[in-house]
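1. Sharing a sequence plus its predicted fold:
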Amino acid sequence: MRYLHVDLEKCDGGRHCHRECELACAKMLYKTTDVAFSAIRLLPVNSHEGVLAINVCDQCGECVAICPVEALKTNKLGVVMLDKKACVACYMCVGFCPTLSMRTVPGLHEPVKCIVCGACVKVCPMGALQVAEKPAPEPLVPTAS
Amino acid sequence: MAEDYTKRTEYTHDAQKLKAAHVLLKEVTFTPSLPVLGYNNRTLHIDLTTLAVTEKPVTQQMKDIFIGGRGFGLWYLWQAITPATRWNDPENAIVISPGPLAGNTQYPGSGKSLVVTLSPQTGIPIDSNVGGYFGPLMKFSGFDAIEIRGKAAEDVIVVIDGQQGTIRIETAPDEPSDSHVAAEIFTAEYAANEADRRNVSVVSAGTAAEHSLIGCLNFSWYDVRRKVSRLKQAGRGGIGTVFRDKKIKALVCRGPQVRGDMNHPADPARITKVGVKLHKEIHDLDDQQCHMRTRGTAHLVEIMDAYDLLPVHNFQYGKHPDTDKIASPVWEARFTQGIPDGCWYGCSMACAKGADGHVVKTGPYKGHTVTVDGPEYETAAGCAANCGIFDPDWLLEANFYCDTYGVCTISFGTLTAFIMECYQRGILDQERTGGLELTWGNAEAQMELLHQMARGEGFGAIAGQGVHGMKRIFAERGWGDPQLMQDIGMEVKGLEYSQYMSKESLAQQGGYALANKGPQHDEAWLIFMDMVNKQIPTFEAKAEALFYFPLFRTWFGLNGLCKLPWNDIEPADNAQTAEPAKVPEHVYNYCELFSGITGREIQKEDIIKMSEKVYNFQRVFNIRMGKGLRQHDLPPYRSVGPVTREEYESRAEQYDRQMREEIGVNPEGLSIDEKIAITRRYREDRYQKLIDAVYKRRGWTTDGVPPVSKLQELGIDFPELVEVVRAHGG
């Protein structure tokens, strides 16, 4: 399955870059320069060290099982995609995301999530991001036989 | 868990043929609307006698005083009926109103409808809080409430189509009225396609509602994964009986596709903030607290047993050695896991569990494979433990048939337990029951009783009169000692008790018997505060709890909310707060939710003030209908203390200790009958002192009447209310 691989050792948390990943993501997803709309965020985890953690969806799929209207589905590549029209904005996926990578944005109906488009990979000057593959987890939604 | 959770008997193949048999009796068009700040300011009024379909405005005064939901229902019902009205008179109304906060998709437990009617069981207003999609979909079609009066000449359905802007009254001669079939078929008939099914909700009852006083309503919601119409019940008080008496086979609402902002809230970000916070709390803590997501309310079965609170053998005992056979680990295994079982969008508590793959063992659906909604705690405690039936398969069978036949599992459980005790004590025998051997644990006899009730035949038809009716019928026939039946018949105001043992908690005795609608736990559940944690030791402290909690819980019903996300999940630091029983952080959430949706800023004190108006209004309504005074707030002794020798002996050490330490009598040398009598005098006197303290705290007279000054203080001193209380010393 496809996901965005993050190499935290290469990311310097925005000290020597201009957080290009966030901007590229917001532009790609919502055609805006407001990084609140970005699915990838550099989050402060240690005030002394500055920004250290890249927070982004790892496509674990737990939200797929949570969604009451099947607006979240895993596509053929293994990426969890959100059907904005079907979404009822309940934000259960936000509260239940194990990595806290689903986010709400004021004024936006649906939550924001990473679709592994690679826009951030192209702009990262540190080479900390790459589109990668890993084995798919067992589906959490029971399947009808 | 079923091997294939989507496998079940199909009922929809003839849906279009069945629909073709409908005759359109009336069609009107309306302009669909969405609420603004939680209200449409419109009520839909339907008279089934004249087929008149009209709109009524929701006034500012209604919103200020009655808020919505149960408040609107009581207000409309007051206008509709007179003190002489009986439940089956055409003027009786069924009012369904979801409340201003209902339909928001962000805060768990926000999809409730409140149903109010004049109860066939009690003769006073009943209110019932129910999930499913009907209320929110009706609201997003354009109406804050629907009021149905009159009686149809033949079986009809009412179809509100909020996508097309039509209201249709049609005959529906051929569809079954039993809910698990009716909900499926009507959903198929009125949804445009599979994707549209989740926009359709059906309200229905069933055949037992046609022949008993304990009929319930089922509100459907389409489960997109199971691909079935799931059911939630407006269970208490016989609303389904009124529904079928009006010859309504179903109400169908087809609403617009739901989005998260359809209430047009004043401040969406405020709602999102508290909603996501609670989702995360449930995600982090439910597995350590109540296991609602995996076991539903059935998680309570073994807890109640452990605290001697699980009703066994008609509330004689509080535990049983076989409880583990119906305890929640069994249900966790039976429920299909991993499905978002919320009865409205955004309910991450997801307690609406489903047991898939049940193969029906008896009755008209024998051999069918069905999804059973539940069992919930009340059903497990009532239909199983209280009747001495500790078998999960038979519990699913009883749960399934109560739902589809449209009867309340709580009332059915309590009345069957009463019958079984009457059988135990020789008040009933096989001749009197027409051959049914209704001994403790006889599940097949219990099911036959239910099937008879659905057919309106035999002893089942008598059972369908409820405990109140049976006491009268048995006494009239000279079967048994009326005083004993009064003591062991677990009903107040005509409504059967729900499934908790109040015997050792004075506060809960009041919580049940003082409840406006009759003894239902949704008004006050104080057993742990009182009996276990001993937080309210004095009469005054108990009275304060019986002031605050019934009012706090009333507020859920005014707004279209569920009680469960209030305290069936608690913040990690809740125990460290000043008043953990109130769950202060969640009270804050509710203030945010109400302010964020309606734009009317409230603080926690306002919750109590809002409820107090409606609560007192309902009390006056009860008085108006002849059942709202002190004499009507008295419990059967079974709920207060040990009626029989066996009961006394089962807790002899505890009762003897109470006699020594609290009553000041040495039990040594006394016969068991003497000890029962002394205990009874003490406990009945203690109960009277409790209601003195409660009435005082509530600002009522010693006869339980809200005085005119109280009505003035609350702003509900309408002339017709003043007239009622003045006539009773208020």
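-> Thanks, I have the structure now. What you are looking at is a predicted structure, and each value in this text was computed from that prediction instead of being measured. Numbering: from 1, shown residues only, chains lettered A, B, ... in the order given.
2. Just the closest residue of the stretch 501-650 of chain B to chain A, please.
-> B:I569 (11.7 Å; C-beta to the nearest C-beta). Any C-beta I mention is one placed from the backbone N, CA and C, and that applies to glycine too.
3. Quick check: pLDDT value at that residue.
-> B:I569 is assigned a pLDDT of 98 by the prediction.
4. give me the element the nearest residue to B:E421 once chain neighbours are set aside is part of.
-> Nearest non-adjacent residue to B:E421, counting by C-beta to C-beta, 6 or more residues apart in numbering or on different chains: B:N314, 4.1 Å away. Counting by DSSP states H and E, there is no helix or strand that carries B:N314.
5. Burial check on the residue of the stretch 501-650 of chain B closest to chain A, number of neighbours?
-> 24 (other C-beta atoms under 10 Å in any protein chain shown).
6. Could you check how far it is from B:H211?
-> Note on B:I569: its distance to B:H211, by C-beta to C-beta, to the nearest Å, is 40 Å.
7. For the residue of the stretch 501-650 of chain B closest to chain A, which non-adjacent residue is closest in space?
-> B:I569 sits nearest to B:I282 (C-beta to C-beta, 6+ apart), 5.3 Å away.
8. how about that neighbour, what does it touch?
-> By C-beta atoms under 8 Å, 6 or more residues apart in numbering or on different chains, the residues touching B:I282 are A:95, B:108, B:292-293, B:348-349, B:565, B:569.
9. contacting residues for B:L101?
-> Taking C-beta under 8 Å, 6+ apart, we find B:L101 in contact with B:38, B:107, B:110, B:263, B:559-561, B:593-594, B:597-598.
10. okay, these in JSON lines with neighbour count and secondary structure next?
-> JSON lines is the format used below for the contacts of B:L101 (neighbours: other C-beta atoms under 10 Å in any protein chain shown; DSSP: H, G, I helix; E, B strand; the rest coil):
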{"residue": "B:G38", "neighbour count": "29", "secondary structure": "coil"}
{"residue": "B:Y107", "neighbour count": "29", "secondary structure": "coil"}
{"residue": "B:S110", "neighbour count": "30", "secondary structure": "coil"}
{"residue": "B:N263", "neighbour count": "28", "secondary structure": "coil"}
{"residue": "B:N559", "neighbour count": "28", "secondary structure": "helix"}
{"residue": "B:G560", "neighbour count": "31", "secondary structure": "coil"}
{"residue": "B:L561", "neighbour count": "28", "secondary structure": "coil"}
{"residue": "B:L593", "neighbour count": "24", "secondary structure": "helix"}
{"residue": "B:F594", "neighbour count": "25", "secondary structure": "helix"}
{"residue": "B:I597", "neighbour count": "29", "secondary structure": "helix"}
{"residue": "B:T598", "neighbour count": "23", "secondary structure": "helix"}
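11. what's near enough to touch the nearest residue to A:Y30 once chain neighbours are set aside?
-> Of all residues not flanking A:Y30 in the chain, A:F37 sits nearest, at 4.2 Å (C-beta to C-beta, 6+ apart). Contacts of A:F37 were listed using C-beta under 8 Å, 6+ apart, and they are A:25-26, A:29-30, A:105, A:108, A:112.
12. just to revisit the earlier point, is it possible to get a markdown table of the contacts of B:I282 that adds secondary structure and distance to B:V130?
-> Listed next are these as a markdown table, based on DSSP: H, G, I helix; E, B strand; the rest coil; distance: C-beta to C-beta, whole Å:
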| residue | secondary structure | distance to B:V130 |
| --- | --- | --- |
| A:G95 | helix | 25 |
| B:P108 | coil | 16 |
| B:M292 | helix | 18 |
| B:R293 | helix | 21 |
| B:S348 | coil | 19 |
| B:M349 | coil | 16 |
| B:P565 | helix | 16 |
| B:I569 | coil | 21 |
